[in-house]
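Colleague: got a structure for you, letters missing:
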């Protein structure tokens, strides 16, 4: 067994230099610093802003924060040294000095807010889940491509060095048989939002995307042939624990389990004919990568560690990368893509997002969960809690 320490901070672009996305240049590339706007001033926005603030000002600038609570926007402006604060999302959307906007609002608002921003020519990084309904995700992606705007679902896991290693090592595993992923946390300690239907809660939509994205990273983003799911629902008819069994055309199987009520190891495994890859706790923001290679005469195990970047502000989720420091990689990737004039990241494509959405939609139908009553005429009808949960 070999233990390899790996230097990861500020090396993501170098790791990705051999990747060539299919999307050609579509807008004027950014050679100046990206000017970031932030919509929704909650805990996740705090963490992403802390990540952006830790990067060189020659590359990233915190331009403006927007909240439906003007006082909260002013607090975030002061905390991170931004230039502007707005008491509405519309004001930020109209600001000509904002290039790209991070959406950290509650899940049901994503579709409406993303459309508002694109109305005003903004590039968008939107927290996952991109939307609660698959058809809304497809509309946003189609519109962004038509408008030639960079548009990305913020699946930050894909940009960690350990995921680059995963992509590099998958071919050497030979015929891949099975993927296993568990993602579970007692989310009540973080947010009651996850248990409220009117706020777009639910284990599958809020954290299930992490497990599904890992499976499609391995098996590809074509729609699986078979999907089977079971779930436990709460009294608001949204899932708190869901298990999935998925099979693709090539025979590959994924066994996935997610829960907002049970602590789980938060690990991911890939089992192939020639070896195994393990991403230990936590696979969604990995600091470790393990590879076991088998031959007829021996088994060789390599363990690698990727120390997470440092940030300058207090994070609102505890624990290293889990606290959000790994969002640095995501911010770097957005800038890399926009420097090239790309509409998407090659490591988290629009097709990847649509695959996640369509799998989730199939599972929701099986387990008896839908969010249709949250919308009227295609718009989120809101909640008395909407102003309280301006951001997640």
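Modeller: Good, I have the coordinates. The structure displayed is predicted, hence computed values, not measured ones. Numbers count the residues shown, from 1 in each chain.

Colleague: Which residue ranges of the stretch 151-300 of the chain form strands?
Modeller: Secondary structure of the stretch 151-300 of the chain (DSSP state E, counting those that start in this stretch): strands located at 151-154, 176-184, 226-233, 239-247, 253-259, 268-272, 275-279, 288-294, 299-305.

Colleague: mind checking how far the third one is from the chain centre?
Modeller: So the one you mean is strand 226-233. Put simply, strand 226-233 sits 22 Å off its chain's centre (C-alpha atoms, centre = their mean, to the nearest Å).

Colleague: quick one, it and strand 239-247 angle?
Modeller: Strand 226-233 runs at 170 degrees relative to strand 239-247, counting by axes from the mean of the first three to the mean of the last three C-alpha atoms, to 10 degrees.

Colleague: Parallel or antiparallel, list what pairs with strand 226-233.
Modeller: strand 239-247 (antiparallel) (DSSP bridges).

Colleague: Skipping adjacent residues, who's closest to residue 94 in space?
Modeller: Closest residue in space to residue 94, ignoring its immediate chain neighbours: residue 120 at 5.7 Å, by C-beta to C-beta, 6 or more residues apart in numbering. For the C-beta atoms, the positions are set from N, CA and C on the backbone; glycine is no exception.

Colleague: Quick check: pLDDT value at that neighbour.
Modeller: pLDDT, residue 120: 98.

Colleague: Kindly report the same for residue 43.
Modeller: On pLDDT, residue 43 comes in at 89.

Colleague: repeat for residue 282
Modeller: In the prediction, the pLDDT value recorded for residue 282 is 89.

Colleague: just to revisit the earlier point, and of the strands of the stretch 151-300 of the chain, who's closest to residue 142?
Modeller: Among those, the nearest to residue 142 by C-beta to C-beta is strand 151-154 (10.0 Å).

Colleague: Residues in contact with the host helix or strand of residue 85: which ones?
Modeller: Using DSSP states H and E, residue 85 sits within strand 84-86. Residues outside strand 84-86 that contact it (C-beta atoms under 8 Å, 6 or more residues apart in numbering): 63-67, 70, 73-74, 76-77, 92, 95, 97.

Colleague: From these, pick the one nearest residue 333.
Modeller: Lowest distance from residue 333 to those (C-beta to C-beta) belongs to residue 63, with 19.1 Å.

Colleague: How about the secondary structure of that closest one?
Modeller: Three-state call for residue 63 (DSSP: H, G, I helix; E, B strand; the rest coil): strand.

Colleague: residues touching the residue lying closest to it once chain neighbours are set aside, list them.
Modeller: Leaving aside its chain neighbours, residue 63 sits nearest to residue 35 (4.2 Å; criterion: C-beta to C-beta, 6+ apart). Counting by C-beta under 8 Å, 6+ apart, residue 35 touches 61, 63, 97-100.

Colleague: hmm, 10 Å instead?
Modeller: Applying C-beta atoms under 10 Å, 6 or more residues apart in numbering to residue 35 gives the contacts 60-64, 83, 95-101.

Colleague: And the residue nearest the centre of this structure?
Modeller: With distances taken as C-alpha atoms, centre = their mean, residue 155 lies nearest the centre of the chain, 1.8 Å away.

Colleague: Provide the backbone phi and psi angles at that one.
Modeller: phi -90, psi 80 (degrees, to the nearest 10).

Colleague: For residue 68, see how far away it is.
Modeller: Distance from residue 155 to residue 68, counting by C-beta to C-beta, to the nearest Å: 26 Å.

Colleague: What of residue 203?
Modeller: Residue 203 is 27 Å from residue 68, where distance means C-beta to C-beta.

Colleague: Neighbour count for these two, which is higher?
Modeller: Set residue 203 next to residue 68 and count neighbours by other C-beta atoms under 10 Å: residue 203 wins out with 30 against 20.

Colleague: Need the pLDDT of that one.
Modeller: pLDDT, residue 203: 96.

Colleague: Sketch out the helices for this structure, chain order is fine.
Modeller: With helices called from DSSP state H, the chain shows them at 12-15, 43-53, 70-80, 89-93, 110-119, 134-147, 161-169, 203-206, 208-219, 327-340, 350-367.
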